[in-house]
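Asks: need a structure here:
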Amino acid sequence: MKKKIAVITGASSGIGQEFAFQMDERMGGLDEIWLIARRRDRLEELSKVMETPARIVAMDVTDERDMEAFRETLAAENVSIRMLVNCAGYGLMGRFDRIPVKEQLGMLEVNCKALTRMTYECIPYMCKNGRIIQLASSAAFVPQKNFAIYAATKSYVLSFSTALREELKGKSIWVTAVCPGPVETEFFDIAEKYGSTLAVKKLTMVSPQRVVKDALRDSCHKKAVSVCSLPMKAFRVLTKIIPHGWFLSMMGLWN
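Replies: Take a look at the predicted model:
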């Protein structure tokens with residue numbers, strides 16, 4: 001009999017960790033939850049408070065050797081993936097020409113390349129009515145001054161997820177892109193290394209518990225996009241109506 005599992009990347013902190021908590025509490029019938037992140041010590045601490053057996057996979061999702069090892073593990077194990085949650089990622093605020101290029105390329109590696117590779121490797125093992133949750137952002141809705149690369153990576157995640165959803169419908173695998181605004185996590189400890197976010201954005205801050213609760217509900221209902229909070233839902237509608245150039249101009253006035 002195949003082992004029923006869920007896979008979570010970026011599980012050592014923030015939204016990824018909260019997915020582990022809530023899936024442990026709410027998803028019955030799982031044999032294991034695979035927790036993926038670089039920080040083994042944090043994954044071990046997390047596993048101690050979970051009721052569902054956790055498999056710790058300490059790896060760097062941008063490292064080719066680690067990804068090959070993960071692919072081989074999937075092939076060797078008799079698993080059926082009920083849910084894949086791609087949460088690994090980070091952002092940096094500041095002018096494009098003032099942030100070291102290595103760190104900016106790192107955002108592309110984690111937010112886009114690694115997410116794509118992890119999705120590709122897991123799809124062959126997804127069960128019927130399986131779910132894929134991809135963590136995008138409300139930054140995906142419109143280009144962001146002083147957040148250029150991050151917003152572009154999340155736009156990729158949203159576009160990729162929307163297209164992949166259509167491709168996988170025939171297999172009864174459902175993809176949901178999660179697009180929250182600012183969330184109360186460690187994200188800003190890294191993001192504000194070279195610049196700070198607009199104060200108006202922080203007024204819309206929500207908890208990771210709320211984001212994950214909404215995401216799991218929307219995934220259950222087979223929704224293509226999950227947007228947490230009324231302000232972010234209104235923002236999404238406005239970005240479909242108002243030209244993006246206007247948004248960029250308004251953001252420039254606030255900076």
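Asks: Can you name the next helix or strand after the strand ranked longest in the chain?
Replies: Longest strand of the chain, by residue count under DSSP state E: strand 126-135. Using DSSP states H and E, the helix or strand that follows strand 126-135 towards the C-terminus is helix 148-168.
Asks: what's around the residue nearest to M23 when sequence neighbours are not counted, how many residues?
Replies: Nearest non-adjacent residue to M23, counting by CB to CB, 6 or more residues apart in numbering: A6, 5.7 Å away. Every C-beta, even on glycine, is put in place using the N, C-alpha and C of the backbone. Neighbouring residues of A6 were enumerated by other CB atoms under 10 Å; the total is 24.
Asks: Give me the distance between A6 and A69.
Replies: From A6 across to A69, the span is 20 Å (CB to CB, to the nearest Å).
Asks: where along this protein do the strands fall?
Replies: Taking DSSP E as the test, the strands found in the chain are 3-9, 32-37, 54-58, 79-86, 126-135, 173-178, 225-226.
Asks: In TSV, list the ones you listed along with distance to F141.
Replies: What follows is the strands of the chain, written out as TSV (distance: least, CB to CB, whole Å):
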stretch	distance to F141
strand 3-9	23
strand 32-37	28
strand 54-58	32
strand 79-86	19
strand 126-135	15
strand 173-178	11
strand 225-226	10
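Asks: Please tabulate these in CSV, including the columns distance to L108 and mean pLDDT.
Replies: Output for the strands of the chain, formatted as CSV (distance: least, CB to CB, whole Å; pLDDT from 0 to 100):
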stretch, distance to L108, mean pLDDT
strand 3-9, 16, 97
strand 32-37, 19, 98
strand 54-58, 23, 97
strand 79-86, 15, 98
strand 126-135, 16, 97
strand 173-178, 18, 98
strand 225-226, 22, 98
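Asks: So which of the ones you listed is nearest R95?
Replies: Nearest to R95 among the strands of the chain is strand 126-135 (25.0 Å), distances taken as CB to CB.
Asks: who touches N78 in this structure?
Replies: By CB atoms under 8 Å, 6 or more residues apart in numbering, the contact set of N78 is 1-3.
Asks: and if we set it to 7 Å?
Replies: By CB atoms under 7 Å, 6 or more residues apart in numbering, the residues touching N78 are 2-3.
Asks: got it, and A139?
Replies: 147, 150-151, 154.
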